[in-house]
Structure formats: structure tokens, C-alpha cells
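Colleague: the sequence and its predicted three-dimensional model are supplied below.
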Amino acid sequence: MTTTTANETWLAANAALWDARVPVHTDSDWYDLRGFRAGGLALDDIERAGVGDPAGRSLLHLQCHFGLGTLSWARLGADAVGVDFSAAAVERARALAAESGLNARFEQAEVSALDLGRTFDICFTSWGVLMWLPDLGGWARAVARHLSPGGRFFLAEGHPHLFIWDDVPGRDGYRPLHPYFRHGEPVVDAEAGTYVDPALALGLPQYRWNHPLSEVVSALAGAGLRITGMAEYPVLPWQPLPWMTAADEPGWWRIPGDPFPLSFTITATKD
Ligand SMILES: C[S@@+](CC[C@H](N)C(=O)[O-])C[C@H]1O[C@@H](n2cnc3c(N)ncnc32)[C@H](O)[C@@H]1O
């Protein structure tokens with residue numbers, strides 16, 4: 001007899017939400033499929049600098065959504081594999097790979113359970129990935145399992161303190177709503193929509209977990225990876241809080257005066 005755990009139930013609900021988001025996202029200006037089809041890259045400067053030149057290297061992209069980032073690495077010369085747990089996302093990514101003729105393949109898997117039976121020169125994941133994971137230990141072990149000795153792991157992510165703020169500022173300024181330190185139980189949003197169209201109701205719940213920076217670093221170190229770099233930035237490529245404003249660089253958001261970091265990156269390797 002198999003027993004469904006609470007985590008499995010929450011992950012299945014999240015996968016259903018991501019399935020529902022895929023057709024909306026592929027048609028959105030946010031993801032700019034038209035620009036990609038015209039030869040563009042769906043990668044930003046932080047991602048490009050963090051990964052370096054991927055030409056001729058094998059690259060694993062975790063939580064790749066419908067594949068634009070993975071296909072962009074392939075366009076830069078990588079032999080790329082993208083992984084996502086959303087069946088709709090993987091189906092769309094495979095169709096885009098076939099259409100573009102780029103050197104990328106896609107697998108459907110829950111990231112912590114991933115076992116492709118091979119390793120990669122580069123393991124990459126970015127922007128809006130960690131909050132979907134109940135357990136960073138399993139995620140970090142999946143990274144370590146797929147990284148070749150001497151390989152490069154790169155993560156770019158929203159800063160975990162963003163999770164705590166109420167998105168409506170109070171009279172006295174920013175108000176904390178959720179605890180920074182929260183273990184086990186997810187924050188539940190009963191009716192989640194999508195960041196590409198806040199007016200659109202999808203009628204599905206989402207389950208999110210905040211992971212303090214110390215937890216991210218400890219999970220990677222605990223999986224046997226050696227942290228080689230870490231950085232924090234006052235910018236973010238989306239606007240989770242209405243009191244953020246557009247930065248000078250197109251596509252980036254900041255808080256006037258840059259009072260605290262909005263994003264971070266980690267680079268690690270396997271000895
Ligand atoms: C915000 S996207 C991140 C990718 C990229 N930054 C983007 O915006 O397209 C998050 C992706 O993580 C995937 N995802 C969420 N939880 C997952 C899990 N436990 N295992 C594998 N994929 C997961 C979702 O299906 C979604 O495609």
C-alpha cells in the first residue's frame with residue numbers, strides 16, 4: 001500500500017497550478033516567445049555572468065519551466081537538458097526544441113527525486129525556484145548527484161526576506177506578514193493566479209515555503225558541494241511588492257534608496 005504524504009499532496013497541487021500557467025505564459029509579453037523565435041536569449045546579465053560561456057559544455061537546467069532559458073543556453077552552444085515537474089511545461093519545451101532545432105532535451109521530474117544517471121559540467125537554476133520546494137536537502141542532493149567533479153553550480157534567486165513583507169505598505173512603511181523562519185508547513189494561497197497577469201483568476205491553490213539564506217547554504221554544503229561565491233543585489237527581475245520601482249536597466253526592479261538586497265546568487269562546485 002502506498003501512502004500519499006502531505007508534501008506529495010502539496011507538490012501535486014503546485015504542479016497542477018504550473019500546468020495551468022503554461023498556456024498563459026507562452027502567450028505572454030513577459031516571456032516574449034516572439035523575441036526568442038527571432039533569435040533572442042531568455043537570459044539576463046546576472047545569469048550569463050554567473051554561468052559563463054557554456055559553449056561545448058553539458059548543462060542541466062533545473063525547474064526550467066517551458067524551456068526558454070534551457071533553449072537559450074543551447075543557442076549559446078551548450079548541450080542542454082531541462083527538467084520540470086509540470087507535464088504541460090515539458091510538452092511545450094519539447095515542441096519548442098523540435099521547432100528551433102536547438103540542442104536541448106527535456107525531462108519531467110520532481111527536482112528532489114531527479115536521477116538522470118549522468119552528470120553535467122554546469123547545473124543552473126534561477127528566479128522563483130526555491131519557494132516551491134518543501135525540502136532543500138533533497139534538492140541540494142539532486143544538484144550534487146548531477147554535477148561532474150569540478151563542475152559549476154549556479155543559482156540566482158529572489159532574496160528570502162522578500163517572503164515576509166505584506167504587499168500593502170502600512171502607514172509606518174513596510175509591514176512584516178509572514179515569519180522569515182518558518183519550517184515544515186507551507187504558506188497557502190487559496191486562489192493563486194499568475195505573475196504575468198495579476199487580473200487573471202486560475203482558481204487553484206499554491207503552496208510556498210520560505211528558505212532563509214543559511215538554509216540554502218547549509219543544504220548545498222551538506223550535500224558535499226563547496227561554495228565558491230555568493231553575492232547579493234539591490235535589483236530583481238520581477239516586482240513582487242508594489243512599493244518596488246522600475247530600475248534604470250530595462251526588466252529590473254529596485255526599492256528607492258536600495259535599503260536592502262532583493263536577490264542573491266550562489267556559485268558552488270563538487271571537488
Ligand atoms: C518561476 S519558474 C522558474 C523558471 C524561470 N525563472 C521562469 O521564470 O520561467 C518555476 C518552475 O519551477 C517548476 N517547479 C516548481 N516546483 C517544482 C518541483 N518540486 N520540481 C520540479 N519543478 C518544479 C514549475 O513547474 C515552474 O516551471
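Modeller: All right, it came through fine.
Colleague: hmm, stretch 36-47 in reach of the ligand?
Modeller: No: interface with the ligand: stretch 36-47 contributes nothing (CB under 6 Å from any ligand atom), its closest point being 7.9 Å away. C-betas here are computed from N, CA, C, even on glycine.
Colleague: now that stretch - C-alpha only, PDB.
Modeller: Backbone C-alpha positions of stretch 36-47 (Å, rounded to 0.1, in the frame of the first residue of the first chain) are rendered in PDB as follows:
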ATOM      1  CA  PHE A  36      13.100  34.100 -28.600                       C
ATOM      2  CA  ARG A  37      11.900  32.800 -32.000                       C
ATOM      3  CA  ALA A  38      13.600  35.800 -33.600                       C
ATOM      4  CA  GLY A  39      16.900  34.700 -32.300                       C
ATOM      5  CA  GLY A  40      16.900  36.300 -28.800                       C
ATOM      6  CA  LEU A  41      18.100  34.900 -25.500                       C
ATOM      7  CA  ALA A  42      15.800  34.500 -22.500                       C
ATOM      8  CA  LEU A  43      18.700  35.000 -20.000                       C
ATOM      9  CA  ASP A  44      19.700  38.100 -18.100                       C
ATOM     10  CA  ASP A  45      23.100  39.600 -17.300                       C
ATOM     11  CA  ILE A  46      23.300  38.000 -13.800                       C
ATOM     12  CA  GLU A  47      22.600  34.600 -15.200                       C
END
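Colleague: centre of the chain versus it, how much separation?
Modeller: Here the centre of stretch 36-47 is set off from its chain's centre by 16 Å, with CA atoms, centre = their mean, to the nearest Å.
Colleague: residues of it that come out buried?
Modeller: Judged by neighbour count (16 or more other CB atoms under 10 Å), stretch 36-47 contains these buried residues: Phe36, Leu41, Ala42, Leu43, Asp44, Ile46, Glu47.
Colleague: before we move on, what about stretch 219-227?
Modeller: Applying a neighbour-count criterion of 16+ other CB under 10 Å, the buried positions in stretch 219-227 are Ala219, Leu220, Ala223, Leu225.
Colleague: wait, which of the residues you listed is closest to the ligand?
Modeller: Each of the buried residues of stretch 219-227 was checked against the ligand using CB to the nearest ligand atom; the closest is Ala219, at 14.3 Å.
Colleague: quick one on the thing from earlier: make TSV out of the buried residues of stretch 36-47 and add distance to Ser86.
Modeller: Formatted as TSV, these follow (distance: CB to CB, whole Å):
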residue	distance to Ser86
Phe36	19
Leu41	22
Ala42	17
Leu43	20
Asp44	22
Ile46	24
Glu47	21
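Colleague: which pair of these spans the longest distance?
Modeller: Farthest-apart pair in the buried residues of stretch 36-47 is Phe36 and Ile46; separation 18.6 Å (CB to CB).
Colleague: ok, now how distant is His61 from Ser263?
Modeller: Counting by CB to CB, to the nearest Å, the gap between His61 and Ser263 amounts to 18 Å.
Colleague: I'd say Leu68 and Leu33 touch.
Modeller: Yes: when contacts are counted by CB atoms under 8 Å, Leu68 is listed as touching Leu33 (7.2 Å).
Colleague: same drill for the two, tell me which one is more crowded.
Modeller: Comparing Leu68 with Leu33 by other CB atoms under 10 Å, the one with more neighbours is Leu68, at 23 against 19.
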